[in-house]
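Q: take a look and give me a structure for this.
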Amino acid sequence: MSSADHGQHGDADDERTELDAVESVETYETTEGIVFYDVRNPLAWVKANHSVSLPDQV
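A: Reported below is the predicted structural model:
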């Protein structure tokens, strides 16, 4: 595959990867807030020192 071919398909591949990632995320609510986790790897954890509003990240 040439670099030109990759450029034509790269955006579609990136979009599909992003959709797959979104589809594998679920949530549950705790007293401190909402926990997001990957259903394909529920034991994976991300630790943050502060929270962010998801609409601000999109």
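
Q: show me where the protein has its strands.
A: In the chain, the strands defined using DSSP state E lie at 25-29, 34-38.

Q: could you tell me the angle between the last one and strand 25-29?
A: Compare the direction of strand 34-38 with that of strand 25-29 by axes from the mean of the first three to the mean of the last three CA atoms, to 10 degrees and you get 150 degrees.

Q: sheet partners, orientation included, of strand 34-38?
A: Sheet pairing of strand 34-38 (DSSP bridges) gives strand 25-29 (antiparallel).

Q: what does the partner strand rub up against?
A: 34, 35, 36, 37, 38, 39 (CB atoms under 8 Å, 6 or more residues apart in numbering). In this view, the C-beta of every residue, glycine as well, is placed from N, C-alpha and C.

Q: show me how far it is from its chain's centre.
A: The chain centroid and the centroid of strand 25-29 are separated by 13 Å under CA atoms, centre = their mean, to the nearest Å.

Q: so which bits of that strand are buried?
A: By neighbour count on 16 or more other CB atoms under 10 Å, the buried set for strand 25-29 is empty.

Q: and residue 56, how far is that from residue 16?
A: 25 Å (CB to CB, to the nearest Å).

Q: these two: which has the busier surroundings?
A: The neighbour count for residue 56 versus residue 16, taken as other CB atoms under 10 Å, is higher for residue 16 (10 against 6).

Q: which pLDDT value belongs to the most centrally placed residue in the chain?
A: Taking CA atoms, centre = their mean, the centroid of the chain lies closest to residue 21, which sits 4.6 Å from it. As predicted, residue 21 sits at a pLDDT of 72.
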